[in-house]
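1. this one's sequence-less:
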């Protein structure tokens with residue numbers, strides 16, 4: 001069973017969010033929460049909230065769910081619309097400032113019995 005949570009139009013670039021997402025990909029939910037709490041990146045706070053939302057979504061889908069058996073199966077960040085601002089420059093010119101936003105998708109799934117050891121029986 002897989003549960004997915006998404007956040008859209010999050011302030012911050014997708015490139016910076018991917019640095020944090022790469023740290024938790026494939027980790028258990030408890031380990032991912034610990035990593036996110038200790039990561040000094042701005043997007044780590046929002047990704048931690050997103051992970052909690054995915055766990056809540058999984059508990060709604062299946063009432064008696066053991067979080068110890070859950071792991072982060074899919075995470076990715078996509079570019080979203082940019083807010084465009086102008087900045088005055090020399091000789092009457094103006095340059096564009098792009099304030100980037102991103103969409104983040106996080107999915108958690110249950111471990112199969114063969115995935116715990118890393119080998120299939």
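-> Arrived safely, thanks for sending. For clarity, every value in this text was computed on a predicted model and none was experimentally measured.

2. mean confidence score for stretch 99-118?
-> In this model, stretch 99-118 has an average pLDDT of 83.

3. Mind listing what's buried along that stretch?
-> Residues 100, 101, 102, 103, 104, 105, 106, 107, 108, 109, 110 are the ones in stretch 99-118 that count as buried (16 or more other Cβ atoms under 10 Å). In this view, the C-beta of every residue, glycine as well, is placed from N, C-alpha and C.

4. List the residues that contact residue 108.
-> Residue 108 makes contacts with 2, 3, 29, 51, 54, 55, 58, 70, 71, 72, 73, as judged by Cβ atoms under 8 Å, 6 or more residues apart in numbering.

5. Based on its surroundings, how many neighbours for residue 55?
-> Residue neighbour count, defined by other Cβ atoms under 10 Å, stands at 18 for residue 55.

6. Beyond the one helix or strand it maps to, next helix or strand please.
-> Using DSSP states H and E, residue 55 maps to helix 42-61. Sequence order places strand 70-79 as the next helix or strand after helix 42-61, per DSSP H and E.

7. how far off helix 42-61 does that following strand point, in degrees?
-> 130 degrees (axes from the mean of the first three to the mean of the last three Cα atoms, to 10 degrees).

8. So for stretch 17-36, mean pLDDT?
-> pLDDT averaged over stretch 17-36 gives 96.

9. returning to that earlier point: so which of the contacts of residue 108 wins on neighbours?
-> residue 54 (25 neighbours).

10. That residue against residue 1, yeah?
-> No - taking Cβ atoms under 8 Å as the definition, residue 54 is not a contact partner of residue 1, at 11.9 Å.
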